[in-house]
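> predicted model and sequence below, questions to follow.
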Amino acid sequence: MTAPKDLSSMHSRGFIQKQNNLDAIRAIVKERQAWNTLLRDEGNFTDFMERCNALLEYVDKLKLDFDDLSLVHEAILEHATSIENELEGYNRAIDDDLAVARQVQRALLPEASGAIASAFDMAIFHKQLAQVGGDYYDFFYLPGERHAIGVYDISGHGVSSALIMAFLKAQFAHATKRLDSPGAIVDWVNRSAYSFLREVRRYATVNFVMFTDRFLRYVSGGGYGLLVRRGTPRSFNRVSNFIGLRIKPFHEFELPFEEDDVLALYTDGMFEAQDASGEIYSVQRLNEIVVKHSEEPVQVILDRCIEDYTRFRVADADDITLIILRRCA
């Protein structure tokens, strides 16, 4: 085999066909000494060309492998995009369902109207930590033309607590049609719901208050209550017996409650919130605000409580329910 006189004509004469891959050997063919050595011996030159062709074939194989990897990469990206779109669809569906659940839960919360509105001036603050939650309150009209209020806090947050809240609402609605005292009502609900609540590992605190002509009778199973009578505060006797915790009687207490007396009922949501230094908002702090403004309209008392809490806390830590009411003439 005779080497070409013009080295640049190698490519056009077919000695090296892989023009797209010349960069791989360009440094070699540019070295004049290498060519001079190869031209002295046709065998060496042939061997060199065979090695070059083998090298080019290997480069082509690498290129094919890289192309395959590129296709795999594109397929992975396409699949990941598909999964992401699918997850976004699921999230939208969940958000839509939660929005409906929130509307349903709001619809279940009663308004202070009718007979109870004529008996009491009332202001209510209710806020869920998530879209739905476990805080709940309800009004009842008991046998003997007596009014009652229930305030509940189901353990946990979110949809599961909201469902349990709806379950307990039905239980209390049934009990208040059959029984006529706070102790009997709460005890019946506890016995009725106990097995279910144990199974789902939930419990509920409760404040259940029934009003008579000049008194109130209450059960406070882990709930909070403050009566302000003529400027003097009296906290509810709290017992550590919650609905779903144990089968045990709920003790009932009685306090005078007459015209212009103020009652505050609330869950523990405020008392889990902290300020920037880590200090917890206290029951005492809230009670002091209620007492300080107890001669003002109930909406003003409520607003002062929420304003102080909002200034104090960095963020909410739990669902919040606060009810302020005053006995009318």
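Happy to help now that I have it.

> what segments of this protein are helices?
10-13, 26-29, 32-40, 42-108, 114-119, 158-178, 182-199, 283-292, 298-312 (DSSP state H).

> lowest average confidence across those, which one?
Mean pLDDT is lowest for helix 10-13 out of those, coming in at a mean of 38.

> nearest residue to the middle of the protein?
residue 130 (4.8 Å; CA atoms, centre = their mean).

> state the pLDDT value of residue 230.
At residue 230, pLDDT is 88.

> so who does it touch?
Listed by CB atoms under 8 Å, 6 or more residues apart in numbering, the contact set of residue 230 reads residue 261. Where you see a C-beta, it was placed from the backbone N, CA and C, and this is true even at glycine.

> quick one: it from residue 257, how far?
12 Å (CB to CB, to the nearest Å).

> please apply the same query to residue 313.
In terms of CB to CB, residue 313 sits 31 Å off from residue 257.

> which residue of those two possesses the greater neighbour count?
residue 257 (21 against 18; other CB atoms under 10 Å).

> can you give me every residue that contacts that one?
Going by CB under 8 Å, 6+ apart, the list of residues near residue 257 reads 211, 214, 215, 216, 227, 229, 263, 327.

> could you do residue 239 as well?
220, 221, 222, 250, 251.

> top of those by number of neighbours, please.
Neighbour-wise, the contacts of residue 239 (other CB under 10 Å) top out at residue 220, 26 neighbours.

> which strand residues bridge that one?
The partner list for residue 220 in beta bridges (DSSP bridges) reads residue 207.

> same check, this time on residue 154
Bridge pairing for residue 154 - DSSP bridges - gives residue 204.

> show me what contacts it?
Residue 154 sits next to 134, 135, 136, 161, 164, 165, 168, 202, 203, 204 when contact means CB under 8 Å, 6+ apart.

> before we move on, back to that, right, and the residue nearest to the centre of the chain touches residue 158 too?
Yes - with contact defined as CB atoms under 8 Å, residue 130 counts as touching residue 158 (5.0 Å).

> now, which of the contacts of residue 239 sits nearest residue 192?
Distance to residue 192 across the contacts of residue 239 (CB to CB) is lowest for residue 250, with 13.3 Å.

> tell me who's in contact with that closest one.
Residue 250 touches 182, 183, 186, 187, 190, 219, 221, 239, 241, counting by CB under 8 Å, 6+ apart.

> residues making contact with stretch 207-217?
By CB under 8 Å, 6+ apart, stretch 207-217 touches 119, 142, 146-152, 172, 181-182, 185-186, 218-221, 223-225, 227, 236, 252-258, 263, 265, 327.

> and stretch 220-233, end to end?
Using CA to CA, to the nearest Å, the span of stretch 220-233 from its first residue to its last is 17 Å.

> distance from the chain centre to that stretch, please.
31 Å (CA atoms, centre = their mean, to the nearest Å).

> quick one: buried residues of it?
220, 221, 222, 223, 224, 225, 226, 227, 228, 229 (16 or more other CB atoms under 10 Å).

> okay, these in JSON lines with distance to residue 297 next?
Shown next, in JSON lines, are the buried residues of stretch 220-233 (distance: CB to CB, whole Å):
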{"residue": "220", "distance to residue 297": "26"}
{"residue": "221", "distance to residue 297": "30"}
{"residue": "222", "distance to residue 297": "29"}
{"residue": "223", "distance to residue 297": "24"}
{"residue": "224", "distance to residue 297": "22"}
{"residue": "225", "distance to residue 297": "20"}
{"residue": "226", "distance to residue 297": "17"}
{"residue": "227", "distance to residue 297": "18"}
{"residue": "228", "distance to residue 297": "14"}
{"residue": "229", "distance to residue 297": "18"}
